[in-house]
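J.: no sequence for this one, just the structure:
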């Protein structure tokens, strides 16, 4: 959540604007921010892996390579996902608080809801369909992958099949989603920047919003 705080603060203090008028392109700004944030994420993520080794969390330690890869993909995808939300905020403190709540909702509560739906035969099919949508959110995809990794050596849960950490149903599917959405969210960030830099497009968006609100603006 700290990623959104820095981005919003740079915009609020006009630091970003100064870089842009100095010749820094929008793509260069966001790409350099993305690379820096991913590298700053690697250190605490590595310390987390070390904690797992120290405490001998065997189900994850035996698949340390898969765990590391999955964690890296989460860092790569969660950063542009956060940047996209940063356009909604003007205050960096409230942005960090709200994004932390969003992460908890998508990475913990939504995962619990999905797992609960999967327990009942009447909602299993619905849950399978919704999971394709849920995986578009990096916190959910990461949590699902870790949950699968913990139980990947139990053949009973996989219909008698032997799974490896890199199996599609274990980490592969979630990893593909996070890798793909990382590019998608980054392109959306650039698209929002482009729209904001074009007055005609901004006016078009404003007119469209007013048109949508028009039926609700009449009072009896």
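T.: Structure received. If you're wondering where the values come from, they're calculated on a predicted model, not measured in any experiment.
J.: Give the helix, strand or coil label for the nearest residue to residue 95 once chain neighbours are set aside.
T.: Here the nearest residue to residue 95 in space, its sequence neighbours aside, is residue 89; by C-beta to C-beta, 6 or more residues apart in numbering that works out to 3.7 Å. In short, each C-beta sits where N, CA and C put it, glycine included. Here residue 89 takes the coil state, with states given by DSSP: H, G, I helix; E, B strand; the rest coil.
J.: So which residues of the protein form helices?
T.: Shown for the chain, the helices assigned by DSSP state H span residues 2-12, 15-21, 26-54, 58-61, 64-86, 92-104, 110-119, 121-134, 138-150, 173-197, 199-217.
J.: Mind giving me the packing neighbours of the longest one?
T.: The reference is to helix 26-54. Counting contacts by 3 or more C-beta pairs under 8 Å, 6 or more residues apart in numbering; DSSP states H and E, the secondary-structure elements packed against helix 26-54 are helix 15-21, helix 58-61, helix 64-86, helix 173-197.
J.: Helix 2-12 and that one, what's the angle between them?
T.: Orientation note: helix 26-54 sits at an angle of 150 degrees relative to helix 2-12 (axes from the mean of the first three to the mean of the last three C-alpha atoms, to 10 degrees).
J.: Flag every buried residue along helix 26-54.
T.: Residues of helix 26-54 classed as buried: 26, 29, 30, 33, 34, 37, 38, 41, 45, 49, 52 (neighbour count, 16 or more other C-beta atoms under 10 Å).
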